[in-house]
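Colleague: build me a model:
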Amino acid sequence: METKFGTTLDSSCTKPTTTNDVGHPPSSLTLSPLQPSTYLPTTSDSSTLGSHLARRLVQIGITDVFSVPGDFNLTLLDHLLAEPGLNLIGCCNELNAGYAADGYARSRGAGACVVTFTVGGLSILNAIAGAYSENLPLICIVGGPNSNDYGTNRILHHTIGLPDFSQELRCFQTVTCFQAVVNNLEDAHELIDTAISTALKESKPVYISIGCNLSAIPHPTFSREPVPFFLSPKLSNHMGLDAAVEATAEFLNKAVKPVMVGGPKIRVAKAGSAFVELADACGYAVAVMPSAKGLVSETHPRFIGTYWGAVSTAFCAEIVESADAYLFAGPIFNDYSSVGYSLLLKKDKAIIVQPDRVVVANGPAFGCILMKDFLRALAKRLKRNTTAYENYHRIFVPDGVPLKSAAKEPLRVNVLFKHIQAMLSSETAVIAETGDSWFNCQKLKLPQGCGYEFQMQYGSIGWSVGATLGYAQAAKGKRVIACIGDGSFQVTAQDVSTMLRCEQNTIIFLINNGGYTIEVEIHDGPYNVIKNWNYTALVDAIHNGEGKCWTTKVVCEEELKEAIETATGPKKDCLCFIEVIAHKDDTSKELLEWGSRVSAANSRPPNPQ
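Modeller: Coordinates of the predicted model:
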């Protein structure tokens, strides 16, 4: 899809945005050229480091940058503001700016954030680590010290009081795939372009530190060239590809009831359509791992649900674990996704397909093979086999419905999610916060085109507030429905104010059950109980009469239905905040099972010496 870039400056947060498939950055291989109006004669203003960086961000499809100002990045922020295709969004703190860039990258394909040296950089570090774990290309830009201070024995503010400016860099080295410290103009062009291209190729965050005195200085290397940013396409080793397909086809074609399971690295490999092509061709039952929900269409005729071991959706685990062969595309097996290492899978039955590698039945391994090439080639070699899906169809019993609520009965969480299910369409997206929302949202049946995101590998509570801000800013055609627990909301609540400044119409369901319920089910203690807030009053105070905002508190099903009707009707253009009062012990049965298994895994005694 051709990427179109906005070219008019708007002081609000609602500039034109790029349009492309979710998770597929315009920059994934070849970038569309900028509009001809961009090719202006070089001037001193357009040949500076700051202007070059701003143009590069626009060229890779980023039209919104999340920032927190600080004295070391102010001049750089001026240059980002001056770029017509770029919109600067000020966040309340660096952590939320990083989470917003994370959410933005999930929808747009890449994200960017700008903070100041060390105090800002170390504040955003947790969000960057989360993006690294989730394989998201983020450009983390830090306004660094004056270039003249490098190599001196001076002590600067915003440091720990030592004449060593490398502390921040050393911290970022473990959570980014490339680090560029720009403290002179001669190699700045090369460092910036290398950092951005590395982020896109590796689908990981990168760190760029820019000396605070360099952004506004013209340099010949930053002249406005009529050549758009371009990434050379990755190619598969064709001999390896042929061998891997041959070995896999031989193995799977002998199987009686093979299945396919999609994993989260399908996004990194940009192999979603190839995975569906294979499913269409081979006839296998199709499942997804929990962290891959939303990456594979749930309206596929042979979709059987989420495979999550003991807490899978109904009848899915039975089909997957009883199969005599399973193809996992882009899986991540950790203690959370394996429910405390309790999956009943055998390596000698598994084909593991990673973004650039294939392992066949715990035997031959083939490298330098792109997942999408492998899946498409395999689709031409597999015999059609619908046995596993037919077995699923035989044993499947439709989901039950929650018990009918008595009049004014306290609202149950399963009733809440029954009504959220009815809200979903191709014009919505779901953001699920760490906690019981993981499990309740996992059971939602996504209509074709409905977005879905959660952070499972890193699992940082509070992620969803910033991610909701960023995702909603990137996916202008969708209304975001965020399901957030009260404990998580208390970590990052401030940036509801940024949602209001950006005139977003997100619906936030704040599930107030008095604490960290997911932690309760792993290991309970008084530390899991939090101070209750008047959440609707807090959001009203943040709103402060500026922007469009509507809040309400619901305690029963009747009030919930009325709130949803209002949020989707007369208040459809507002940010809607619906506080849902739930009992502290009202959890999904999946969380109860998962929590006990994860607790058992955490509490294993040391191995004998």
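
Colleague: contact partners for the closest residue to residue 162 other than its chain neighbours?
Modeller: Spatial nearest neighbour of residue 162, excluding adjacent residues (CB to CB, 6 or more residues apart in numbering): residue 155 at 6.9 Å. Just so you know, the C-beta spots here come from the backbone N, C-alpha and C atoms, and that holds for glycine as well. Going by CB atoms under 8 Å, 6 or more residues apart in numbering, residue 155 touches 161, 162, 163.

Colleague: isn't there a helix covering the first one?
Modeller: The one in question is residue 161. No: counting by DSSP: H, G, I helix; E, B strand; the rest coil, residue 161 is not part of a helix but coil.

Colleague: give me the neighbour count for it.
Modeller: 8 (other CB atoms under 10 Å).

Colleague: check residue 558 too.
Modeller: Residues near residue 558, counting by other CB under 10 Å: 14.

Colleague: next secondary structure element downstream of the helix or strand encompassing it?
Modeller: For residue 558, the host element (DSSP states H and E) is helix 557-568. Using DSSP H and E, the helix or strand that directly follows helix 557-568 along the chain is strand 575-581.

Colleague: so for that following strand, mean pLDDT?
Modeller: For strand 575-581, mean pLDDT is 97.

Colleague: quick check: the residue nearest to residue 162 vs residue 164, distance?
Modeller: The gap separating residue 155 from residue 164 is 9 Å, by CB to CB, to the nearest Å.

Colleague: go on, residue 556?
Modeller: Distance from residue 556 to residue 164, by CB to CB: 59 Å.

Colleague: where does the prediction get shaky in the protein?
Modeller: 1-45, 224-227, 515-524, 528 (pLDDT under 70).

Colleague: tell me the domain boundaries of it?
Modeller: According to automatic domain parsing, the chain comprises the domains 36-222, 238-395, 413-595.

Colleague: out of these, nearest to residue 602?
Modeller: Closest approach to residue 602 among the domains of the chain (CB to CB): domain 413-595, 6.9 Å.

Colleague: helix, strand or coil for residue 97?
Modeller: Quick answer, by three-state DSSP: residue 97 is helix.

Colleague: re the thing from before, so between residue 556 and residue 164, which is more surrounded?
Modeller: residue 556 (17 against 11).

Colleague: my guess is the more buried one contacts residue 412. True?
Modeller: No: contact criterion CB atoms under 8 Å: residue 556 and residue 412 do not qualify, at 9.7 Å.

Colleague: so what sits against both of those two?
Modeller: Joint contacts of residue 556 and residue 412 (CB under 8 Å, 6+ apart) are residue 405.

Colleague: so how far is residue 578 from residue 549?
Modeller: Distance from residue 549 to residue 578, by CB to CB: 12 Å.

Colleague: tell me which element the residue nearest the centre of the chain falls in.
Modeller: For the chain, residue 106 is the residue whose C-alpha lies nearest the centre (CA atoms, centre = their mean; 4.4 Å). Using DSSP H and E, residue 106 sits within helix 94-108.

Colleague: just the CA atoms of that helix, as PDB, please.
Modeller: Extracted in PDB, the C-alpha atoms of helix 94-108 (Å, rounded to 0.1, in the frame of the first residue of the first chain):
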ATOM      1  CA  GLU A  94       9.300   9.700  30.000                       C
ATOM      2  CA  LEU A  95       8.000   6.200  30.800                       C
ATOM      3  CA  ASN A  96       4.700   7.000  29.200                       C
ATOM      4  CA  ALA A  97       6.400   8.500  26.200                       C
ATOM      5  CA  GLY A  98       8.200   5.200  25.700                       C
ATOM      6  CA  TYR A  99       5.000   3.200  26.200                       C
ATOM      7  CA  ALA A 100       3.200   5.500  23.700                       C
ATOM      8  CA  ALA A 101       6.000   4.900  21.100                       C
ATOM      9  CA  ASP A 102       5.500   1.200  21.800                       C
ATOM     10  CA  GLY A 103       1.800   1.400  21.100                       C
ATOM     11  CA  TYR A 104       2.400   3.600  18.000                       C
ATOM     12  CA  ALA A 105       4.900   1.100  16.600                       C
ATOM     13  CA  ARG A 106       2.400  -1.800  17.000                       C
ATOM     14  CA  SER A 107      -0.100   0.000  14.700                       C
ATOM     15  CA  ARG A 108       2.200   2.000  12.400                       C
END
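
Colleague: neighbouring strands for whichever helix or strand comes after that helix, and are they parallel or not?
Modeller: Using DSSP H and E, the helix or strand that directly follows helix 94-108 along the chain is strand 111-116. Under the criterion DSSP bridges, strand 111-116 sits next to strand 64-67 (parallel), strand 138-144 (parallel) in its sheet.

Colleague: got those as JSON lines, with mean neighbour count columns?
Modeller: Output for the strands paired with strand 111-116, formatted as JSON lines (neighbours: other CB atoms under 10 Å):
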{"stretch": "strand 64-67", "mean neighbour count": "28"}
{"stretch": "strand 138-144", "mean neighbour count": "28"}
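
Colleague: right, and these - which one's nearest residue 238?
Modeller: strand 138-144 (32.8 Å).

Colleague: okay, the angle between the closest one and helix 94-108?
Modeller: Per axes from the mean of the first three to the mean of the last three CA atoms, to 10 degrees, the angle that strand 138-144 makes with helix 94-108 is 150 degrees.

Colleague: now the element after strand 138-144, going C-ward?
Modeller: helix 167-173.

Colleague: next, the angle strand 111-116 makes with the helix or strand harbouring residue 55.
Modeller: Applying DSSP H and E as the criterion places residue 55 in helix 49-59. Interaxial angle, helix 49-59 versus strand 111-116 (the same axes, to 10 degrees): 160 degrees.

Colleague: so which elements touch helix 49-59?
Modeller: Using 3 or more CB pairs under 8 Å, 6 or more residues apart in numbering; DSSP states H and E as the contact test, the elements touching helix 49-59 are helix 74-82, helix 188-202, strand 206-211.

Colleague: out of these, which gets nearest to residue 539?
Modeller: helix 74-82 (28.0 Å).

Colleague: may I see the buried residues of that closest one?
Modeller: Judged by neighbour count (16 or more other CB atoms under 10 Å), helix 74-82 contains these buried residues: 75, 76, 77, 79, 80, 81, 82.

Colleague: what's the answer for stretch 495-509, then?
Modeller: 495-502, 504-509.

Colleague: and the end-to-end length of it?
Modeller: 15 Å (CA to CA, to the nearest Å).
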